[in-house]
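Engineer: predicted model follows, preceded by the sequence.
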Amino acid sequence: MKAENIRRVWFVVFVIFFSFLGCEKEPEVDLKEFQIVKDAYNTGHLTVVQAILSDRKKERKLSIEEESLYLKSLFYLSEWNAFLEEWKGFERKTPELILYYFKVILLSKEKKQIGEEEEKRLLELMAVSPEACLLYLQWNEKRVKTKHKSLFLAQIKQFQNYLDRMNQEISKK
């Protein structure tokens, strides 16, 4: 009975050991360094941000926040191919970055296949974002059917109602 218990203990130790090896940690980011890069981004020094994060990327895997800033800087620097290359490996695709992705596709004028996940995320955004509706219409300019146009017209009225209500709230204050 003792030998069986010892085997179980060793089995548990091996499982725990290999599970730690298999877990990939999020890279630790020096908050001061990240704040410097973030401040550079916010003040419009996009080339500096792109250069710093490109160098860091060669040294280690970028954190999610760094990767997001890197993608945004590539977008605003009009480096479409680099943006699309980075997009392939990016995991956390925020609504803002989804909109940037479709803008890159439209601006680069390259025939790129849109991933099913990206298209689904854009469709989800259409209920709350006029920009998402516009990007969808531009991307699907020849495939939008007449019956879908009435849905978009209704969406325009809904967005206009929100704008009117916002205007009323602002004018009250």
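Structural biologist: Structure received.
Engineer: host element of residue 156?
Structural biologist: Assignment of secondary structure by DSSP states H and E places residue 156 within helix 146-172.
Engineer: for that helix, what is the distance to the chain centroid?
Structural biologist: 26 Å (C-alpha atoms, centre = their mean, to the nearest Å).
Engineer: stretch 44-63 now?
Structural biologist: That offset, for stretch 44-63, works out to 17 Å (C-alpha atoms, centre = their mean).
Engineer: need the residues that contact that stretch.
Structural biologist: 26-27, 29, 34, 37, 40-41, 66, 69-70, 73-74, 76-77, 79 (C-beta atoms under 8 Å, 6 or more residues apart in numbering). Quick note: C-beta positions are derived from backbone N, CA and C, even for glycine.
Engineer: number of residues surrounding the nearest residue to residue 91 once chain neighbours are set aside?
Structural biologist: Leaving aside its chain neighbours, residue 91 sits nearest to residue 64 (7.4 Å; criterion: C-beta to C-beta, 6 or more residues apart in numbering). Around residue 64 there are 14 other residues, counting by other C-beta atoms under 10 Å.
Engineer: got any ranges where the chain has weak pLDDT?
Structural biologist: For the chain, the stretches flagged by pLDDT under 70 are 1-29.
Engineer: got the contact list for the residue nearest the centre of the chain?
Structural biologist: What sits nearest the mean C-alpha location of the chain, by C-alpha atoms, centre = their mean, is residue 93, with 2.7 Å. By C-beta under 8 Å, 6+ apart, the contact set of residue 93 is 101, 117, 118, 121.
Engineer: just the buried members of those?
Structural biologist: 101, 118, 121 (16 or more other C-beta atoms under 10 Å).
Engineer: relative to residue 141, how far out is the last one?
Structural biologist: It stands for residue 121. Separation of residue 121 from residue 141 (C-beta to C-beta, to the nearest Å): 20 Å.
Engineer: same question for the second one.
Structural biologist: Counting by C-beta to C-beta, the separation of residue 118 from residue 141 is 18 Å.
Engineer: could I get stretch 105-122 in CSV with only the CA atoms?
Structural biologist: The C-alpha coordinates for stretch 105-122 follow below in CSV (Å, rounded to 0.1, in the frame of the first residue of the first chain):
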residue,chain,number,x,y,z
ILE,A,105,-8.2,46.5,-45.0
LEU,A,106,-10.1,49.3,-46.7
LEU,A,107,-7.2,51.8,-46.9
SER,A,108,-4.6,49.3,-48.0
LYS,A,109,-6.9,48.3,-50.9
GLU,A,110,-5.4,44.8,-50.9
LYS,A,111,-7.6,41.8,-51.4
LYS,A,112,-7.3,40.3,-48.0
GLN,A,113,-9.5,37.6,-46.6
ILE,A,114,-11.3,38.7,-43.5
GLY,A,115,-11.3,36.2,-40.7
GLU,A,116,-14.6,34.8,-39.5
GLU,A,117,-13.9,36.0,-36.0
GLU,A,118,-13.2,39.6,-37.2
GLU,A,119,-16.3,39.7,-39.2
LYS,A,120,-18.4,38.4,-36.3
ARG,A,121,-16.9,41.1,-34.0
LEU,A,122,-17.7,43.8,-36.5
